[in-house]
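In: Structure for this input, please:
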Amino acid sequence: MTSRADRLLVALALSSGPLVSLGLARFAYALLLPEMSAELGWTWSQAGALNTANAAGYLAGALVAAPTARALGTGRAFLLGSALCTAALLLTALTGTYGVLLLARAAAGVGGAWAFVLGAALVAAAGAEGTPRRAALMLGLYYGGAGGGMTLAGLLVPWVLDRAPGSAVDVPGAGGLVGWQLGWVALAALGALATVVAAGALRSTADPAPPSAEHRRWDRGRIGWLSGGYTFFGLGYIAYLTFVVAFLQEQGVGLATVAAFWVVVGLAASAGWFAWGPLIGRLGGSRAMTVLMTVLALGTVLPVVVAQTWAFFVSGVVVGGTFLSVVTAMTVGVRRVLPAGLWTSGLAFATAAFGAGQTVGPWLTGWFSDRLDSLGAGLVLSAALLVAGALLVLPQREPGTARGGPASDP
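Out: Modelled structure (predicted):
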């Protein structure tokens, strides 16, 4: 695998990792949450707890991602994670029991963490053959897979729900499944297809170099401020992508507009790299994170401040086009601060810090919204957490980054 085209194709194929783990398993839940909540009689706290379970599983998976990769090989562990996540999507469709749903969401989180973290390590290793700018492009394409998953979910799930009026799906062969259950079946089918595509790409992808001997004793403080800011990113961003559809429906937005909104968010997420990539290249990972999380906070609070349809779509463009670039910036920061032998361990550590934040975030926002009887209040809280994270990451330093100046390529 030596040509630029081959490397970019591998990055696109492996983007099935974020497509399944984020686009389908985590974010598409927002499309199904209103119907699930209404049919199963949940509070906002209970609805948020399902994404908290997913995030808790993600945190657990991130903590063991590096040792799992060492035991099985990075490629095989990545593929196992994608398959586990897909199986959990199907399990979610087959029950309305709250406890089983919590377990299914947690299992999707574990598999999703392996697919996401280890896929990033595979792409980072493949990108090491080229220039730093090209490596960053590959990571941007990889993380853009989450936006692709959101776009596909935004096209498919509302179509499924529209064919399922009331509580019974009015389509042949549905087996009596209610609308939200059939929606999860459709997502599982997409996940299975994406996993097959990834398996084909792994045939031409080499595992990263084994971690160096220092992987067990490396100084986590080297990426401490970056990881701390990433924790607050996890706390803040997840509420918008969990509750925004329910918020829009509270404002009287119809299903067709919701579908269009979610597709816009997904397309913006896929294209966000082209807007933010040059900035990340100039500023470096940590300083770019500060800018991106500030912009993300503004996009999160916009629909609360201006409750009009045009503002909803502007918010979707801003949030969709920004949040994955925070992940890209974090990865660039880890690559600049740590040697190649610690990239997998560093990404896993930062992802665990992020996972801790997003584990608390959905429940916290749901609880806050219940207390104030307002989903809008929860979105305002999320924006405040994002601003706090933007400030927290400021002290992080990267090699070749002067105080207040641009970053050079590593």
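In: Could you use CA atoms for every contact and neighbour count after this?
Out: Fine.
In: Run the chain-centre distance for stretch 188-201.
Out: Offset of stretch 188-201 from its chain centre (CA atoms, centre = their mean, to the nearest Å): 18 Å.
In: Restrict it to CA atoms and write it as PDB.
Out: Taking C-alpha atoms only, stretch 188-201 is exported to PDB below (Å, rounded to 0.1, in the frame of the first residue of the first chain):
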ATOM      1  CA  ALA A 188     -28.300  -3.300  12.100                       C
ATOM      2  CA  ALA A 189     -28.500  -4.200   8.400                       C
ATOM      3  CA  LEU A 190     -26.500  -1.100   7.600                       C
ATOM      4  CA  GLY A 191     -24.000  -2.100  10.300                       C
ATOM      5  CA  ALA A 192     -23.500  -5.600   8.900                       C
ATOM      6  CA  LEU A 193     -22.900  -4.200   5.400                       C
ATOM      7  CA  ALA A 194     -20.300  -1.700   6.800                       C
ATOM      8  CA  THR A 195     -18.500  -4.500   8.700                       C
ATOM      9  CA  VAL A 196     -18.200  -6.500   5.500                       C
ATOM     10  CA  VAL A 197     -16.600  -3.500   3.700                       C
ATOM     11  CA  ALA A 198     -14.200  -3.000   6.600                       C
ATOM     12  CA  ALA A 199     -13.200  -6.700   6.500                       C
ATOM     13  CA  GLY A 200     -12.200  -6.300   2.800                       C
ATOM     14  CA  ALA A 201     -10.100  -3.300   3.500                       C
END
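In: helix or strand for the nearest residue to residue 395 once chain neighbours are set aside, which one?
Out: Sequence neighbours aside, residue 225 is the residue nearest to residue 395 in space, at 6.5 Å (criterion: CA to CA, 6 or more residues apart in numbering). Following DSSP states H and E, the helix or strand that holds residue 225 is helix 224-250.
In: So which bits of that helix are buried?
Out: Buried residues in helix 224-250, counted by 16 or more other CA atoms under 10 Å: 224-248.
In: wouldn't residue 109 be in contact with residue 50 here?
Out: No: in this structure, residue 109 is not within contact of residue 50 by CA atoms under 8 Å, at 10.8 Å.
In: which one of those two has more residues nearby?
Out: residue 109 (33 against 26; other CA atoms under 10 Å).
In: helix/strand/coil for the more buried one?
Out: With DSSP: H, G, I helix; E, B strand; the rest coil as the basis, the three-state label of residue 109 is helix.
In: is it true that residue 285 touches residue 332?
Out: Yes: Residue 285 is within contact range of residue 332, at 5.1 Å (criterion: CA under 8 Å).
In: When the two are compared, which one has more neighbours?
Out: residue 285 (31 against 24).
In: so what secondary structure elements neighbour the helix or strand harbouring residue 391?
Out: Following DSSP H and E, one finds residue 391 within helix 375-392. With contacts taken as 3 or more CA pairs under 8 Å, 6 or more residues apart in numbering; DSSP states H and E, helix 375-392 sits against helix 224-250, helix 285-305, helix 343-372.
In: for the ones you listed, which one sits closest to residue 62?
Out: If you check each of the helices and strands packed on helix 375-392 against residue 62 by CA to CA, helix 343-372 wins as the nearest, at 5.4 Å.
In: which residues does the residue nearest to residue 395 contact?
Out: Residue 225 sits next to 392, 393, 394, 395, 396 when contact means CA atoms under 8 Å, 6 or more residues apart in numbering.
In: For the residues you listed, which entry has the maximal number of neighbours?
Out: Of the contacts of residue 225, with other CA under 10 Å as the count, residue 393 tops at 24 neighbours.
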